[in-house]
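Engineer: dropping the sequence and predicted coords here.
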Amino acid sequence: MKRIVLFDGECNFCDRSVQFIIKRDPNAFFHFSSLQEKTGRELRNTYQIPEQIDSLILLEGNRYYLKSTAALKICTKLKGAWKLLALLLVIPAPCRDFVYNIIAKNRYKWFGKKASCKLPSKEERNRFL
């Protein structure tokens, strides 16, 4: 099953998160697209994801997951102890998303905005849609 992570391509924190996932995903479970790219916009339309949502989005099968749920579901496929974070899924999403929303609201202020994108390596390029 193909899993696609949609992310804010202008956000430094989001970019670092994608790099974090790539380093811990040796089986290449995840593929990536920026929300700002044509592919990201087309996937948003296909999955009928509202335009105002600019958080991390995980597309898996015919479903999508947002915010902390997306992040924790991604952790289930990463190598190492990151899988254990999936235990946090027992906490109701509104409680988890409270913390997620604080980080998301301040991501540009705390981590900055990118003026240009890092060029992916040859191996990484295949994982970007």
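Structural biologist: In hand now; what should we look at?

Engineer: what ranges does this protein have for its helices?
Structural biologist: 12-23, 38-46, 67-75, 93-111, 122-125 (DSSP state H).

Engineer: does anything pack onto the first one? Which helices or strands?
Structural biologist: To tie it back to what came earlier, the one meant is helix 12-23. Where contact means 3 or more Cβ pairs under 8 Å, 6 or more residues apart in numbering; DSSP states H and E, helix 12-23 is packed against strand 3-7, strand 30-34, helix 93-111. Yep, even glycine has a C-beta here, placed from its N, CA and C like the rest.

Engineer: if you set the cut-off to 7 Å instead, what comes out?
Structural biologist: strand 3-7, helix 93-111 (3 or more Cβ pairs under 7 Å, 6 or more residues apart in numbering; DSSP states H and E).

Engineer: looking at those, which is nearest to residue 38?
Structural biologist: strand 3-7 (12.4 Å; Cβ to Cβ).

Engineer: quick check: can you name the pairing partners of that closest one and their directions?
Structural biologist: strand 30-34 (parallel), strand 57-60 (antiparallel) (DSSP bridges).

Engineer: can I get the ones you listed in CSV including mean pLDDT, distance to residue 45 and mean neighbour count?
Structural biologist: Formatted as CSV, the strands paired with strand 3-7 follow (pLDDT from 0 to 100; distance: least, Cβ to Cβ, whole Å; neighbours: other Cβ atoms under 10 Å):
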stretch, mean pLDDT, distance to residue 45, mean neighbour count
strand 30-34, 94, 13, 20
strand 57-60, 97, 12, 21
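
Engineer: may I see those strands arranged in TSV, with distance to residue 49 as well?
Structural biologist: Shown next, in TSV, are the strands paired with strand 3-7 (distance: least, Cβ to Cβ, whole Å):
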stretch	distance to residue 49
strand 30-34	12
strand 57-60	6
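
Engineer: coming back round to it: can you put the helices of the chain in JSON lines and add mean pLDDT and mean neighbour count?
Structural biologist: Formatted as JSON lines, the helices of the chain follow (pLDDT from 0 to 100; neighbours: other Cβ atoms under 10 Å):
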{"stretch": "helix 12-23", "mean pLDDT": "91", "mean neighbour count": "17"}
{"stretch": "helix 38-46", "mean pLDDT": "95", "mean neighbour count": "15"}
{"stretch": "helix 67-75", "mean pLDDT": "96", "mean neighbour count": "21"}
{"stretch": "helix 93-111", "mean pLDDT": "89", "mean neighbour count": "14"}
{"stretch": "helix 122-125", "mean pLDDT": "71", "mean neighbour count": "10"}
